[in-house]
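J.: Fold the following.
(chains A, B, C and D)
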Protein chains: 2
Amino acid sequence: MATPANPPGDGTRATLAQVAARAGVSASTASLAFSGAGPVADETRERVLAAARELDYGGPDPRARSLRTGRSGIIAVVMEDRIRVAFRDPMVVTLLDGIADEIGNAGYSLLLLTDSLERAEGGLRDAPMDAALLLGCSTDLDPAVRVLSQRQVPLIGVEAEPRQGLPMVDIDNRAGMRRLAEHLAELGHERVAVITLPMDRDHTRGPLTQVWQDSSVAYTGLERLSGVRDVFPDAPAEVAAGSLIEEGLIAARALLDAEPGLTAIVGQSDLLALGAIQAVEERGLRVPEDISVAGFDGARIDGLSRHRLTTVVQPSVEKGRAAARLALAALAGEPVENVAFTTELRIGDTTAPPGPA
Amino acid sequence: MATPANPPGDGTRATLAQVAARAGVSASTASLAFSGAGPVADETRERVLAAARELDYGGPDPRARSLRTGRSGIIAVVMEDRIRVAFRDPMVVTLLDGIADEIGNAGYSLLLLTDSLERAEGGLRDAPMDAALLLGCSTDLDPAVRVLSQRQVPLIGVEAEPRQGLPMVDIDNRAGMRRLAEHLAELGHERVAVITLPMDRDHTRGPLTQVWQDSSVAYTGLERLSGVRDVFPDAPAEVAAGSLIEEGLIAARALLDAEPGLTAIVGQSDLLALGAIQAVEERGLRVPEDISVAGFDGARIDGLSRHRLTTVVQPSVEKGRAAARLALAALAGEPVENVAFTTELRIGDTTAPPGPA
DNA sequence: TCCATCGATCGAATCGATTCGACACCCGAG
DNA sequence: CTCGGGTGTCGAATCGATTCGATCGATGGA
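T.: Model prediction:
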């Protein structure tokens, strides 16, 4: 205590070895004192911690630790879109929340990556990570998958296209949509149209063409479409440029123009459906009396609408948790298996029997 | 090519040394071949890369690299709330987008941390990072600041309470709100009320009391309040439990009940203001004819309202970029100085002279 | 013809911890 | 009195790269 410690703020961090020296113990013992692994006398531990305090030592360097242990304590989430875009979708946010919570409880932190920018350095190629979760429904993640599996990073997919050797978390998109479609059919609807999620990376709008259906870039969107067409084989579909209210509005306008006899519109997400409601109402029509509208997700969207949307509820937070658990299992060397959640039809007040028109 | 390389998928990553050996060069040369620093003959580089391919080597291990170089390539963002909550605020999302974009361009990745959980391991205490950005307006981040400065991690604050030695990015909350209040005064308003951001960590609702104002837990909220009170010294204020539409709705109902003569409501965020509009309209009153409503942020909130909200626009993405640049500057050893952005009043159609009532 | 220079490569030290095996010591049981 | 079994501590090896200085030819100008 007489000798002045490291001049505070001299820029050079103290090392464990220095702390150990000052406490009069070996580096190994000091390490044990910090990590708690292995037996250390209380008195010794105290001395080490005191020395650390005097030297302003902030604990073992994560870099060195991770080199030695082979673990960085980081799990990455890879998204397709940039944050501003991706996070406008409440499903992405809740999913991420589930992931963060679960890995946080296990002592891991969340690294946010967007694959979009294939920069020379940084990101996918260089960032330390113990595992990665791939978000998104398109095959656009292919390059990311390649880079990361080359790095031998364990990968988990969420709503990704099924792919050899990629464990996944998914929901029954098709069955859920089929149940919704059946609900509409039972109400008596015959002319039903769909607003789909984006079908290509360019986020092109327009009527869904055969080309898109074949190229199968957007797995989730096509699955949900199939669910509706299981019941209404000829249901027309309009592709939106994003899962957003205003996109739903745009797409619904197009549908209302192109399909005169329409009695119901199904959005592939709740936001799209809300946009559709706006489109219907701006024409002076009523929901559900004149046109029924339904969505998908069960998003809790606050204050957006007077209606309680009929929708297919998916357990988004749980999906995130499950994906995180899969990653943790992979890290623990346990076997990982695909996880599938089921959805549930929630009937609100936006669907009703078709009007007399 | 005759000798079989590492059995693919044997679980053990090849090392740079093995690659070097196979290519018949030293490890140093192999390192140079990968990093591009230093002169390497083309032919040699080719041989190294070929060997890497044969051994299925995915590039230098980030853990080892970061130990040696002292850089992890990670910049952390520390938030107060959990993701699900924080990301409902569009300002947080755009801010984060700016940050991610800027640090991404510099080859860094973004680590998302919430300080809330002071777990024994993981997170603030253990995660590798080269710098950290602190988001949020309360002094609740104190423990986080302590832990991180002990670790000698360079810190940058965003909308944080001014604090000794913490470089910051901020906006002129008070001046912006003052200008908005002046706009209302010019229109002839005299009875103006405010809906404030949460004032304590518990997110307590209710009329703003002196206790809250003194404890000064919510820097941004108090600044914005001062701006209004510069013009309307006695403006009553209702504290919301979050920057959400439904919270604005709740708070505005309380204000409308408690303050009969009210002619204008100022929300401290656009979401709060939108809630206020709903509250006004659900009483059969019109905006702006009967009651004017204004917000703060200039958030682009899609499809939420028929109105164009009068608001104070802040450059949220730029704020994020600036914070990121500050962090990068700190890492480069350059001097970092506080950055302040100015806001701009945007007059929409939700403010008008007070009604004849 | 000689020496300074540059290009290409290599050896060895280093980053800061964790961890395995060994060692000394003390206790109680036989 | 001795031996087995904990405890507490230490030494040394190790994780996988980066990087500094040295070496060695070849080149080119004087």
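
J.: Please identify which helix or strand holds the residue nearest to A:Gly24 when sequence neighbours are not counted.
T.: Excluding its sequence neighbours, the residue lying closest to A:Gly24 (CB to CB, 6 or more residues apart in numbering or on different chains) is A:Arg47, at 7.0 Å. For glycine as for every other residue, the C-beta is placed from the backbone atoms N, C-alpha and C. Here A:Arg47 sits within helix A:42-55, counting by DSSP states H and E.

J.: what's the next secondary structure element after the worst-scoring helix or strand of chain A on mean pLDDT?
T.: The helix or strand of chain A with the poorest confidence is helix A:210-215; it has a mean of 66 (mean pLDDT, DSSP states H and E). Next along the chain after helix A:210-215, taking DSSP H and E as the criterion, comes helix A:219-231.

J.: Partner strands of the next helix or strand after that following helix, with direction?
T.: Note on helix A:219-231: by DSSP H and E, the next helix or strand toward the C-terminus is strand A:237-239. Strand A:237-239 has these partner strands in its sheet, going by DSSP bridges: strand A:192-196 (parallel), strand A:206-207 (antiparallel).

J.: Quickly, which of these bottoms out on average pLDDT?
T.: Ranked by mean pLDDT, the strands paired with strand A:237-239 bottom out at strand A:206-207, with a mean of 90.

J.: And the residue of the stretch 151-300 of chain A found nearest chain B, how close does it get to B:Asp234?
T.: Minimum separation of the stretch 151-300 of chain A from chain B (CB to the nearest CB) falls at A:Ile245, amounting to 3.4 Å. Distance of A:Ile245 to B:Asp234, given as CB to CB, to the nearest Å: 39 Å.

J.: same deal with A:Ala76?
T.: Taken as CB to CB, the span from A:Ala76 to B:Asp234 is 52 Å.

J.: Look at those two and report which has more neighbours.
T.: Neighbour totals were compared for A:Ala76 and B:Asp234, and A:Ala76 leads with 27 against 8 (other CB atoms under 10 Å in any protein chain shown).

J.: Looks to me like the more buried one is in a strand.
T.: Yes. According to DSSP: H, G, I helix; E, B strand; the rest coil, A:Ala76 belongs to a strand.

J.: A:Arg229 contacts A:Pro236, doesn't it?
T.: No. Using CB atoms under 8 Å as the test, A:Arg229 is too far from A:Pro236 to be in contact (10.2 Å).

J.: could you pull out the strands for chain A?
T.: For chain A, the strands defined by DSSP state E cover A:74-79, A:109-114, A:131-135, A:155-158, A:168-171, A:192-196, A:206-207, A:237-239, A:264-267, A:292-294, A:311-313, A:339-341, A:344-346.

J.: partners of the first one, with directions?
T.: With DSSP bridges as the test, strand A:74-79 is paired with strand A:109-114 (parallel), strand A:131-135 (parallel).

J.: So which residues make contact with the first one?
T.: Think strand A:109-114. Residues from elsewhere that reach strand A:109-114 (CB atoms under 8 Å, 6 or more residues apart in numbering or on different chains): A:73-83, A:86, A:96, A:99-100, A:103-104, A:123-124, A:127, A:129, A:132, B:74, B:100, B:104, B:109-113, B:122-123, B:127.

J.: what about that strand, average pLDDT?
T.: 92.

J.: okay, now the domains of chain A?
T.: What automatic domain parsing lists as the domains of chain A is A:16-60, A:70-171+A:316-341, A:173-314.

J.: wait, which of those domains is closest to DNA strand D?
T.: domain A:16-60 (3.2 Å; CB to the nearest atom of the strand).

J.: pLDDT (mean, whole number) over that closest one?
T.: On average, domain A:16-60 scores 90.

J.: same thing with stretch A:310-328?
T.: In this model, stretch A:310-328 has a mean pLDDT of 96.

J.: And for stretch A:223-243?
T.: For stretch A:223-243, the mean confidence score works out to 95.

J.: now it, how far from the chain's geometric center?
T.: Relative to the chain's own centre, stretch A:223-243 is displaced by 22 Å; criterion: CA atoms, centre = their mean, to the nearest Å.

J.: got the end-to-end distance for that stretch?
T.: With CA to CA, to the nearest Å as the measure, stretch A:223-243 spans 16 Å from end to end.

J.: just checking, the residue of the stretch 151-300 of chain A closest to chain B touches A:Ala276?
T.: No. Taking contacts as CB under 8 Å, A:Ile245 lies outside contact range of A:Ala276: 9.2 Å.

J.: Those two - which one has more neighbours?
T.: More crowded of A:Ile245 and A:Ala276, by other CB under 10 Å: A:Ala276, with 33 against 27.

J.: Nearest spatial neighbour of that one, chain-adjacent residues omitted?
T.: Nearest residue to A:Ala276, sequence neighbours excluded (CB to CB, 6+ apart): A:Ala252, at 3.9 Å.

J.: tell me, how many neighbours does the one you found end up with?
T.: 30.

J.: How about the contacts made by it?
T.: A:Ala252 neighbours (CB under 8 Å, 6+ apart): A:Ile195, A:Glu238, A:Ile265, A:Gly275, A:Ala276, A:Gln278, A:Ala279, A:Val280.

J.: quick one: the closest residue to the fourth one other than its chain neighbours from B:Pro60, how far?
T.: Once flanking residues are discounted, A:Gly275 sits nearest to A:Gly248: 2.2 Å by CB to CB, 6+ apart. Remark: distance between A:Gly248 and B:Pro60 (CB to CB) = 46 Å.

J.: Neighbour count for these two, which is higher?
T.: A:Gly248 (32 against 17).

J.: Report the contact partners of the more buried one.
T.: For A:Gly248, the contacting residues are A:195, A:240, A:267, A:269, A:271-276, A:278-279, B:303, by CB under 8 Å, 6+ apart.

J.: Show me those residues that map onto helices.
T.: A:Leu271, A:Leu272, A:Ala273, A:Leu274, A:Gly275, A:Ala276, A:Gln278, A:Ala279 (DSSP state H).

J.: Quick one: neighbours of the third one, just the number.
T.: Right, A:Ala273. 30.

J.: so it makes contact with A:Arg308?
T.: No. Judged on CB under 8 Å, A:Ala273 makes no contact with A:Arg308 at a distance of 11.7 Å.

J.: Which neighbours do those two have in common?
T.: With CB under 8 Å, 6+ apart, A:Ala273 and A:Arg308 have common neighbours A:Thr350.

J.: Low-confidence regions, the stretch 251-357 of chain A specifically.
T.: Applying pLDDT under 70 to the stretch 251-357 of chain A flags the ranges A:302-305, A:356-357.

J.: Spell out the residue ranges of the helices in it.
T.: Taking DSSP state H, counting those that start in this stretch, the helices of the stretch 251-357 of chain A run over residues A:270-282, A:316-331.

J.: Could you check those helices and tell me which one is nearest DNA strand C?
T.: helix A:316-331 (14.1 Å).

J.: got the angle between that closest one and strand A:74-79?
T.: 130 degrees (axes from the mean of the first three to the mean of the last three CA atoms, to 10 degrees).

J.: Up against DNA strand D, what does chain A have?
T.: Applying CB under 7 Å from any atom of the strand, one finds that chain A approaches DNA strand D through A:24-29, A:32, A:38-41, A:43-44, A:64, A:67-68, A:70.

J.: try it again with 6 Å
T.: With CB under 6 Å from any atom of the strand as the criterion, chain A meets DNA strand D at residues A:Val25, A:Ser26, A:Ala27, A:Ser28, A:Thr29, A:Gly38, A:Pro39, A:Val40, A:Ala41, A:Thr44, A:Leu67, A:Arg68.

J.: Counting neighbours, what do you get for the fourth one?
T.: When counting by other CB under 10 Å, one arrives at 11 neighbours for A:Ser28.

J.: Tell me who's in contact with it.
T.: With contacts taken as CB under 8 Å, 6+ apart, A:Ser28 has no neighbouring residues.
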